[in-house]
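In: predicted coordinates and the sequence they were generated for:
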Amino acid sequence: MSTKEKISEKEITLTDSAHENEIILYNDDINTFDHVIKTLIIVCDHTAEQAEQCSLIVHYKGKCSVKSGSISDLKPRCIKLLQAGLSAEII
């Protein structure tokens with residue numbers, strides 16, 4: 001293996017390990033679309049369009065991955081989603 005191949009392989013591994021976790025948002029019968037959308041915009045840095053699409057996926061499919069990244073980034077975000085009354089977990 002050449003040095004260039006080793007460096008590229010190392011970069012891919014570092015990139016992949018930084019996004020090995022994701023926040024899954026689950027459907028419920030309590031929260032409104034507006035509340036879910038506003039919360040995703042604030043907590044997950046979604047655009048309005050992203051947040052609306054995620055809320056529709058959650059509604060029709062029962063769950064949706066709303067954010068991926070390192071556990072240190074996702075944990076406080078997931079806590080904020082839970083504090084806002086949404087049902088979410090990190091996987």
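Out: Yep, it's here.

In: what residues sit buried inside the host helix or strand of Val66?
Out: With elements taken from DSSP states H and E, the one containing Val66 is strand 63-69. Across strand 63-69, burial judged by 16 or more other Cβ atoms under 10 Å covers 64, 66-67, 69. Using the backbone N, CA and C atoms, a C-beta is placed for each residue, glycine as well.

In: then stretch 84-91?
Out: Result for stretch 84-91 [16+ other Cβ under 10 Å]: buried residues 84, 86, 88, 90.

In: how long is it end to end?
Out: Taking Cα to Cα, to the nearest Å, the first and last residues of stretch 84-91 lie 19 Å apart.

In: may I have stretch 43-58 exported as CSV, CA atoms only?
Out: Backbone C-alpha positions of stretch 43-58 (Å, rounded to 0.1, in the frame of the first residue of the first chain) are rendered in CSV as follows:
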residue,chain,number,x,y,z
VAL,A,43,-32.2,21.9,18.3
CYS,A,44,-30.9,20.1,15.2
ASP,A,45,-30.1,23.2,13.1
HIS,A,46,-32.5,22.0,10.4
THR,A,47,-33.8,24.3,7.7
ALA,A,48,-37.6,24.8,7.7
GLU,A,49,-37.8,22.4,4.7
GLN,A,50,-35.7,19.7,6.4
ALA,A,51,-37.7,20.0,9.6
GLU,A,52,-41.0,19.7,7.8
GLN,A,53,-39.8,16.7,5.8
CYS,A,54,-38.6,14.9,8.9
SER,A,55,-41.9,15.7,10.7
LEU,A,56,-43.8,14.1,7.8
ILE,A,57,-41.6,11.0,7.7
VAL,A,58,-42.1,10.6,11.5
